[in-house]
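K.L.:
Sequence first, then the predicted structure:
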Amino acid sequence: TGGWETPKRAECRIPAPVRCPAPPKKKSPSVAFGKRRDPPKNGYFNPPDLEALFALAPRREACA
């Protein structure tokens, strides 16, 4: 026909849909919450200026 046509060959067709896989299984609560970790062998990181981050700034008086 000279114009553009939709291909009709079998290799040009969209394949039939396949079944979706099953959803992942939930982890058992005993595995997720029951395990306690040991503290680090070298201790926790404790920077010397940590308290400066939490120092309270002096309160300003409220405007009336």
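P.N.:
Sure thing, it's come through. Not measured: the values here are computed from a predicted model.

K.L.:
how about low-confidence regions in the chain?
P.N.:
Under the criterion pLDDT under 70, the flagged ranges of the chain are 1-2, 29-35, 57, 62-64.

K.L.:
And the strands in it?
P.N.:
For the chain, strands defined by DSSP state E do not occur.

K.L.:
Could you work out the end-to-end span of stretch 7-16 for me?
P.N.:
17 Å (C-alpha to C-alpha, to the nearest Å).

K.L.:
now it, how far from the chain's geometric center?
P.N.:
38 Å (C-alpha atoms, centre = their mean, to the nearest Å).

K.L.:
Stretch 9-24 too?
P.N.:
Taking the mean of its C-alpha atoms, stretch 9-24 sits 29 Å from the chain's own mean (C-alpha atoms, centre = their mean).

K.L.:
And stretch 50-64, by the same measure?
P.N.:
Distance, centroid of stretch 50-64 to centroid of chain: 35 Å (C-alpha atoms, centre = their mean).

K.L.:
Residue numbering should commence at 11 henceforth.
P.N.:
Okay, using 11 as the starting number, the last item reads as stretch 60-74.

K.L.:
What about A62, how many residues nearby?
P.N.:
By other C-beta atoms under 10 Å, 8 other residues sit near A62. In this view, the C-beta of every residue, glycine as well, is placed from N, C-alpha and C.

K.L.:
Over to the one 3 residues further on?
P.N.:
Other residues near A65 come to 7 when the count uses other C-beta under 10 Å.

K.L.:
Next up, phi/psi of R69, please.
P.N.:
The phi and psi torsions at R69 (degrees, to the nearest 10) take the values phi -80, psi 140.

K.L.:
gap between it and A32?
P.N.:
Distance of R69 to A32, given as C-beta to C-beta, to the nearest Å: 59 Å.

K.L.:
for A26, what are its contacts?
P.N.:
With contact set as C-beta atoms under 8 Å, 6 or more residues apart in numbering, A26 has no partners.

K.L.:
what about D48, how many residues close to it?
P.N.:
Using other C-beta under 10 Å, D48 is surrounded by 5 other residues.

K.L.:
Kindly report the same for the one 10 residues further on.
P.N.:
Neighbourhood size, P58 [other C-beta under 10 Å]: 6.
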